[in-house]
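Undergrad: Coordinates only, no sequence provided:
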């Protein structure tokens, strides 16, 4: 089979090449990929920013496709079924936190940026019928992360004023869409007025440009701050989020693209009874709930741009630049 | 009436003196104080560390005594009833967070370090019959803060391994006692082996000396870390607590005696799905639940030392030094 393989001996670090196919096990299914999507994780693998990264592995966590073959013990799927893949492996039974065995498809096991992928049959779910292949491939990792952050950890209520920071990123996009569909009053922050306009078109009430020095004071004055904040950046701006949270509010962090904050305003946290809640990916239960919600509400993921596998480097470079609005999709 | 009044024109900043008595309002009760207890708050008022501090106010948030007179509309209390006082004023109806009007008895309104105090009749509760006056006076502020941190915010379970930091302080003492009575496995940290021994005598499993450089590694190795941590210090050591929390764990902070941390390990928070939860004082509902629990479990607050009002400066200096084990009590 052919896939986009990590090879840090090359200038571009990735290569679309032929690799030997694994044998299909009794409880596994083989999927012909129709579309795959990028996450920051893929670019970070390319940059070697994770521990235990191996050259020769096919990258990619997000994918959708058609069942090509089923293992001898698989009875609930048949050749031709249209499916999407849950990229979270070995979460375990504890809803609160992943097990030590937890992995994500696409490193260290082969990922979705390939013509075929072999996964355990419990990782696949019927493709939502209202979605195109490109949209379906966009959903799994970012949708799961957003859903857990917002619903399981953030306990979103329809009465909440919600701020989604860094709108335009994959998780932020889903968090905004899901929060709007949950009936909450949704605000976003971004440094781009185009992205803010896009959020408003989706149903967000307003966007704040976090490059404006006084956006926190503005938000506090205009609407009194936020009950729930979903953030993937951390860094020093976490203290701005602590300031713009309403008393009793929750700040869910699912990432730290800006690194660690240089301080944390402890007094404001305890006096305002704030919660800072860590979240990453999601359990199998979170994935099923997310998928049900997307089906019920007929939510369409935002697709930024579609590249053929042969142009993978361009797609990865676009992810690295961070200008995308929605998911970057690759197709065979 | 006579009370311990803040007067920062004096070398000791406080003075036991006669001041004019307020008039009893229709919905108020007048209590003859039998015992009062100190909190860090009182010492911080003496040091002028809060905004809006006024000289001439009687200090003290904790007190117990006998009803001396009741206002014309008060029907559920009579002269001679033995009571303790809830020092939290105007919390409001939101269980999650206090209202903007929230105050604590003893600044800006007159406090408990006096022969009499006049309070709204809804602030008093029957004195637990198993407690001495000194024990009863020790309970309110620290007991309420500990109970909310542990139960409402920390959602303690009998299966939890709980760490109470800074054992010996007022809130830490109650947090440890309450957690033990909730059936949890309770550990403490302290820099004093005497205080650790005292905690073990109360039913704690073990104490860690936080001045030992490797106490975090030791705790992780010995028992795999903590599900719930109750901390009043914050400061840089918050990152040690983040490290020693089990995946999925909760860290409740009710104070910041060590100030703000200089960084915060954001990656560990989101990857381990930790919660950092701010808590302060407690609602009226928290107070009632705390009192019911103390009565049911026949919990006895730890009393460090009892001073007569005339020796208030010595008592405040003992609080400032921070060597006490249990509450510092003052009696008329």
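TA: Noted; the coordinates are in hand. For clarity, every value in this text was computed on a predicted model and none was experimentally measured.
Undergrad: Just list the residues touching the closest residue to residue A:137 other than its chain neighbours, thanks.
TA: Of all residues not flanking residue A:137 in the chain, residue A:35 sits nearest, at 3.7 Å (CB to CB, 6 or more residues apart in numbering or on different chains). Bear in mind the C-beta positions are built from the backbone N, C-alpha and C, glycine included. By CB atoms under 8 Å, 6 or more residues apart in numbering or on different chains, the residues touching residue A:35 are A:63-65, A:133-134, A:136-137, A:306, A:329-331.
Undergrad: measure residue A:35 to residue A:131 for me?
TA: 10 Å (CB to CB, to the nearest Å).
Undergrad: same question, residue A:154
TA: Between residue A:154 and residue A:131 the computed distance is 25 Å (CB to CB).
Undergrad: Who has more neighbours out of those two?
TA: The neighbour comparison of residue A:154 against residue A:131 (other CB atoms under 10 Å in any protein chain shown) goes to residue A:154, with 27 against 21.
Undergrad: I'd guessed the more buried one sits against residue A:254; true?
TA: No: using CB atoms under 8 Å, residue A:154 is not in contact with residue A:254; the gap is 10.0 Å.
Undergrad: need the residues of the stretch 101-250 of chain A near chain B, please.
TA: Residues of the stretch 101-250 of chain A lying near chain B by CB under 8 Å from any CB of the partner chain: A:153, A:234-235, A:238, A:247-248.
Undergrad: what about the strands in the stretch 1-150 of chain A?
TA: Ranges of strands in the stretch 1-150 of chain A, per DSSP state E, counting those that start in this stretch, are A:2-6, A:14-18, A:28-37, A:62-70, A:82-85, A:88-89, A:103-104, A:116-120, A:124-126.
Undergrad: Check the stretch 201-332 of chain A too.
TA: So, for the stretch 201-332 of chain A - with DSSP E, counting those that start in this stretch - the strands run A:206-209, A:226-231, A:245-253, A:275-278, A:303-308, A:327-331.
Undergrad: got those as CSV, with mean pLDDT columns?
TA: Below are those laid out as CSV (pLDDT from 0 to 100):
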stretch, mean pLDDT
strand A:206-209, 96
strand A:226-231, 98
strand A:245-253, 98
strand A:275-278, 98
strand A:303-308, 97
strand A:327-331, 98
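Undergrad: So which of those strands is nearest residue A:21?
TA: Taking CB to CB, strand A:327-331 is the member of those nearest to residue A:21, at 19.4 Å.
Undergrad: Check which residues of that closest one are buried.
TA: Buried residues in strand A:327-331, counted by 16 or more other CB atoms under 10 Å in any protein chain shown: A:327-330.
Undergrad: Can you add distance to chain B and give these back as JSON lines?
TA: Formatted as JSON lines, the buried residues of strand A:327-331 follow (distance: CB to the nearest CB, whole Å):
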{"residue": "A:327", "distance to chain B": "21"}
{"residue": "A:328", "distance to chain B": "23"}
{"residue": "A:329", "distance to chain B": "26"}
{"residue": "A:330", "distance to chain B": "27"}
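Undergrad: and residue A:290, what does it touch?
TA: Residues in contact with residue A:290 (CB under 8 Å, 6+ apart) are A:143-144, A:147-148, A:178, A:282.
Undergrad: quick revisit: max pairwise distance over the contacts of residue A:35: which two?
TA: Comparing all pairs in these by CB to CB, the longest separation belongs to A:65 and A:306, at 15.2 Å.
Undergrad: Give me the more crowded residue out of those two.
TA: residue A:65 (28 against 18).
Undergrad: Give me the neighbour count for residue A:124.
TA: Neighbour count for residue A:124, taken as other CB under 10 Å: 24.
Undergrad: Surely it and residue A:86 touch.
TA: Yes: under the criterion of CB under 8 Å, residue A:124 makes contact with residue A:86 at 7.4 Å.
Undergrad: before we move on, the earlier item: redo the strands of the stretch 1-150 of chain A as JSON lines? Include mean pLDDT.
TA: Formatted as JSON lines, these follow (pLDDT from 0 to 100):
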{"stretch": "strand A:2-6", "mean pLDDT": "97"}
{"stretch": "strand A:14-18", "mean pLDDT": "96"}
{"stretch": "strand A:28-37", "mean pLDDT": "98"}
{"stretch": "strand A:62-70", "mean pLDDT": "98"}
{"stretch": "strand A:82-85", "mean pLDDT": "98"}
{"stretch": "strand A:88-89", "mean pLDDT": "98"}
{"stretch": "strand A:103-104", "mean pLDDT": "96"}
{"stretch": "strand A:116-120", "mean pLDDT": "98"}
{"stretch": "strand A:124-126", "mean pLDDT": "98"}
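Undergrad: Indicate which one of these is closest to residue B:92.
TA: Set against residue B:92 and scored by CB to CB, the strands of the stretch 1-150 of chain A come closest in strand A:88-89, at 41.5 Å.
Undergrad: Now tell me what touches the closest one from outside.
TA: Residues outside strand A:88-89 that contact it (CB under 8 Å, 6+ apart): A:98, A:101-105, A:109, A:120, A:123, A:144, A:281-284, A:287.
Undergrad: can you check stretch A:271-280 too?
TA: A:98, A:145, A:148-149, A:152-154, A:238, A:242, A:245-254, A:268-269, B:96-98, B:153, B:268-280.
Undergrad: Among those, name the buried ones.
TA: Buried subset of the contacts of stretch A:271-280 (neighbour count, 16+ other CB under 10 Å): A:98, A:145, A:148-149, A:152-154, A:238, A:242, A:245-254, A:268-269, B:97-98, B:153, B:268-280.
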